[in-house]
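>>> starting from these lines, generate the structure:
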Amino acid sequence: MVGELQRSVGKNIRRIRLSRGISQEALGDVVGLHRTYIGSVERGERNITLQTLEGMAELLGVPPMELLADEADAGPTAPPAV
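So this is what the prediction gives:
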C-alpha cells in the first residue's frame, strides 16, 4: 500500500518521542525542522530524508532501523539506561 511505510515511520517517531518526553519542538530543533513539520511527519503526511531519519534516531536513542520497523514489530521502547 502506498504511503504505508511513511505512516509507520511517523507513528514510530511519535511513540518513541513521547516515551522519551521529547517535544516536537525539541526534536525539530535538532534536525532543523519546524515543530509543525514534525507533526506532519508523525501523521504520515510528509516524507523525510534518510539524513533526517538518522538525526531523529540519534536524538531518540534508537537505531534508525527501529524507526523503519513495521508497527507489528515495534513494541514499546524504554528510554536508554543512564
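>>> alpha carbons only for contacts and neighbour counts from here, please
Noted.
>>> mind listing the helices for the protein?
Secondary structure of the chain (DSSP state H): helices at 4-20, 24-31, 35-42, 50-60, 64-68.
>>> is it possible to get CSV of those helices that adds mean neighbour count and mean pLDDT?
Compiled in CSV, those are given as follows (neighbours: other Cα atoms under 10 Å; pLDDT from 0 to 100):
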stretch, mean neighbour count, mean pLDDT
helix 4-20, 20, 96
helix 24-31, 16, 95
helix 35-42, 18, 97
helix 50-60, 16, 96
helix 64-68, 18, 97
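>>> what residues are up against the residue nearest the centre of the chain?
Residue closest to the average C-alpha location in the chain (Cα atoms, centre = their mean): residue 13, at 2.1 Å. The neighbourhood of residue 13, defined by Cα atoms under 8 Å, 6 or more residues apart in numbering, consists of 42, 56, 67.
>>> could those residues go into CSV alongside distance to residue 23?
Below are the contacts of residue 13 laid out as CSV (distance: Cα to Cα, whole Å):
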residue, distance to residue 23
42, 12
56, 12
67, 17
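>>> state the distance from residue 35 to residue 23.
8 Å (Cα to Cα, to the nearest Å).
>>> with residue 10 instead?
Residue 10 is 14 Å from residue 23, by Cα to Cα.
>>> over to residue 16?
Applying Cα to Cα, the value for residue 16 to residue 23 is 11 Å.
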